[in-house]
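# just need the structure, nothing else, for what follows:
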Amino acid sequence: MDKFFQLSQKGSNVRTEIIAGLTTFLTMSYIIFVNPEMLGKTGMDTGAVLVATCIASAIGSLLIGLLANYPFAQAPGMGLNAFFVYTVVMGLGYTWQQGLAIVFLSGLIFILLTVTGLRKSIIDAIPANLKFAIAPGIGLFIALIGLKNAGIVNMEGPVLDLGDVSSAPVLLGIIGFVLLTALMVMQVRFAMLWAILGTTLLGIPMGVTQLPDSYSFSEISLSETAFQLDLAGLFTPPAGQSSASMILTAILVILSFTLVDLFDTFGTLIGTAAKGDLLDKDGNLPRMEKALLADASATLIGSLLGTSTVTTYIESGSGIVAGGRTGLTAVSAAIFFLLAIFLAPVAGIVPAAATSPVLIMVGLLMLESIQKIDLGDLESSVPALLLIIFMPFTYSIANGIAIGMMFFVLVNVFKGKAKEVHPILYILVLLFVLQYVMI
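Reported below is the predicted structural model:
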C-alpha cells in the first residue's frame, strides 16, 4: 500500500490514513439518513435508498481513491437531491424513475465533457460571480427545505408564515437545531451525526419518532430502486404536451444537473485540496481529470442503484485536517460506507425533525462563497443576486441558474460588451429561453 498510494512520499502512513477515512465518513455520515428522507418524498423506498446511498458513496470514494489517489470521499450531493425531489419530480411532474434516468444521462454527459476536455471550456465561459453564487443559492434553497420539512415555516398559505411551534414535530425540530448549533459552536466532532441521533432519541418520548415492531436484516435490499430508471418515459410526452416541448424540458433539466454538479465538484476539489497542500504552485489540482471522471462514474452508477447525483464532499476536508493525504483515506471511507448498509432497517425511524436541522445548517455553511462576489460590480453582482434569490423563492435550482445567466447576458448587451460574452453562454441562455417560451 505504501508503494501504490505513495504514503511515505506524502508523509503519511496506513494508520493515519485509516483514521482520516473514519473521520471523513463520520463527518459526512448524516447523508445516510438525510438522503433517504429526502428522496422518500418522491415515493422511493427509504430503506432501498439508504442502501443505494451507501453503495454509491463507497464506489465513488473507491474510484477517486484508486484512480486519482486523493483523500476525497463522495456521496449523493445535498442540493442535487433537493433538485431531484422538488424541481424534477414535484415541480416538473416527472416520476422518480424518470428522475433517475435524468441523473444517468447527466452522468454520461459529465463523462463526455471530462474525456473531451469541454469541461474546462464551460467553466471558463461562466463568469466568476455566477460561479460563486451557485453554492449560496443552493444553500438558501436547502435551508428553506429544512425549515419547511421541520414545520418551522408554513408554506401552505399565500405567504411564508411561522409554523405551529406548539406541535411536537415542530418543537422537536427547533430543539434539534438548538442542539446542533450548540454542538457545532462547542466544536464537537461529528456534530451533525450526534445531533441526528440525539434528536431521534428525544423524539421517542415526544411521540414523533416511531420505533419499528421488529428489526430484520432481510429488509436490506436494493430491489425497490435498482435499475428502475425510465429512459423511454422521459421522452414520451403526456397528453396535451408536444414532443418538442417534452424533449427540450428534459434536455434543460439534464443540463442543469450537469452544470450544478460540474461547478460543485470543481469548487469542492479545489477547496479541500487547498487544505491539504495538494495544489501545485499555480493553484491547480494535478490529476483533476481522473478525479472528475471518478465523480461522473459514481453518478452513473448511483442512478442505476437508485439515488440522486453523487458528488465530492466538502466534508472531505475533515479527513485531510486529520492527516489524510492519499487515496487510502478515500478507500477507508468507502469501507465504512459499506458497513453502514446494515443501518438500512432503521432508515424509517429517523424523523424529518431530526434531519431538517442538518439541512438548515448545511445551507448556512454553503453561504461562505458569497463573500467572494464583487458586490461593487453591478454588471455581475445583479445577475449573481438574482441567481441566489430565485433558487429558494421559485423552489428551483434550474430557475436560479437560468435567470442569473440570462441577466448577465442582458446586462453585457446593454453595456455594449456583447462580444465579451463567451459563445457557450449564449447557447445556454438560448436553451433556457426556449424552455420558458414552450412550457
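
# residues touching the residue nearest the centre of the chain, list them.
Closest residue to the average C-alpha location of the chain: G77 at 2.1 Å, with CA atoms, centre = their mean. By CB atoms under 8 Å, 6 or more residues apart in numbering, the residues touching G77 are D261, D264, S308, T309, V310, T311, Y313. Quick note: C-beta positions are derived from backbone N, CA and C, even for glycine.

# quick one: which of these sit in strands?
Counted as lying in strands by DSSP state E, out of these, are V310, T311.

# can you list the contacts of G77 in JSON lines and add distance to V49 and neighbour count?
Formatted as JSON lines, these follow (distance: CB to CB, whole Å; neighbours: other CB atoms under 10 Å):
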{"residue": "D261", "distance to V49": "19", "neighbour count": "27"}
{"residue": "D264", "distance to V49": "20", "neighbour count": "24"}
{"residue": "S308", "distance to V49": "9", "neighbour count": "34"}
{"residue": "T309", "distance to V49": "14", "neighbour count": "31"}
{"residue": "V310", "distance to V49": "13", "neighbour count": "33"}
{"residue": "T311", "distance to V49": "16", "neighbour count": "26"}
{"residue": "Y313", "distance to V49": "18", "neighbour count": "28"}
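
# out of the contacts of G77, flag the one nearest to V358.
For the contacts of G77, the minimum distance to V358 (CB to CB) is 13.5 Å, reached by Y313.

# wait, what's in contact with the closest one?
Y313 sits next to T24, M28, I31, F72, A73, Q74, A75, G77, T268 when contact means CB under 8 Å, 6+ apart.

# spatially nearest residue to it, not counting backbone neighbours?
Closest residue to Y313 apart from its sequence neighbours, by CB to CB, 6 or more residues apart in numbering: M28 at 5.0 Å.

# L144 now?
Excluding the flanking residues, the one nearest L144 by CB to CB, 6+ apart is P392, at 4.6 Å.

# what sits against the one you found?
By CB under 8 Å, 6+ apart, the contact list for P392 reads G137, L140, F141, A143, L144.

# go through those residues and say which is closest to V253.
Taking CB to CB as the measure, F141 is the one of these closest to V253, at 15.8 Å.

# so that closest one: helix, strand or coil?
With DSSP: H, G, I helix; E, B strand; the rest coil as the basis, F141 sits in helix.

# gap between it and V260?
Note on F141: its distance to V260, by CB to CB, to the nearest Å, is 11 Å.

# what's the overlap in contacts for these two?
Contact with both F141 and V260 is made by residues G79, I397, according to CB under 8 Å, 6+ apart.

# N154 and S167 touch, don't they?
No. N154 is not in contact with S167 according to CB atoms under 8 Å; the separation is 11.0 Å.

# ok, those two, which is more surrounded?
Neighbour count, other CB atoms under 10 Å: between N154 and S167, N154 has more, with 15 against 12.

# got a list of what the more buried one touches?
By CB under 8 Å, 6+ apart, the residues touching N154 are L160, D161, L162, G163, D164.

# how about I59?
The neighbours of I59, taking CB under 8 Å, 6+ apart as the test, are S297, A298, I301, G302, A334.

# got a list of what T95 touches?
V89, D230, G233.

# in three-state terms, label the last one for me.
When you say that, I think you mean G233. When classified by three-state DSSP, G233 comes out as helix.

# for it, which non-adjacent residue is closest in space?
Q98 (5.3 Å).

# quick check: the gap between the one you found and L92.
9 Å.

# what does L292 give?
To L92, L292 is 27 Å away according to CB to CB.

# which one of the two is surrounded by more residues?
Each of L292 and L92 has its neighbours counted (other CB under 10 Å); L292 has more, 25 against 18.

# ok, back up a step: out of the contacts of Y313, which are inside strands?
Q74, A75.

# how about the contacts of Y313 in JSON lines, adding distance to I123 and pLDDT?
Below are these laid out as JSON lines (distance: CB to CB, whole Å; pLDDT from 0 to 100):
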{"residue": "T24", "distance to I123": "26", "pLDDT": "86"}
{"residue": "M28", "distance to I123": "25", "pLDDT": "84"}
{"residue": "I31", "distance to I123": "26", "pLDDT": "90"}
{"residue": "F72", "distance to I123": "18", "pLDDT": "91"}
{"residue": "A73", "distance to I123": "23", "pLDDT": "93"}
{"residue": "Q74", "distance to I123": "20", "pLDDT": "94"}
{"residue": "A75", "distance to I123": "23", "pLDDT": "94"}
{"residue": "G77", "distance to I123": "18", "pLDDT": "86"}
{"residue": "T268", "distance to I123": "14", "pLDDT": "69"}
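
# need the contacts of Y313 in a markdown table with distance to L328, can you?
Shown next, in a markdown table, are those (distance: CB to CB, whole Å):
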| residue | distance to L328 |
| --- | --- |
| T24 | 12 |
| M28 | 17 |
| I31 | 22 |
| F72 | 12 |
| A73 | 12 |
| Q74 | 15 |
| A75 | 18 |
| G77 | 24 |
| T268 | 20 |
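
# list just the nearest of the contacts of Y313 to I196.
Among the contacts of Y313, I31 lies closest to I196 (CB to CB), at 10.5 Å.

# how many neighbours does that closest one have?
As a burial measure, I31 scores 26 neighbours (other CB under 10 Å).

# quick one: it from I18, how far?
For I31, the distance to I18 equals 21 Å [CB to CB].

# repeat that for P392.
On the measure of CB to CB, P392 and I18 end up 40 Å apart.

# kindly report the same for I389.
Taking CB to CB, one finds I389 at 44 Å from I18.

# which residue sits closest to G43, ignoring its sequence neighbours?
Closest to G43 by CB to CB, 6+ apart is W96, at 6.0 Å.

# check contacts around that neighbour.
L39, T42, G43, M44, V89.
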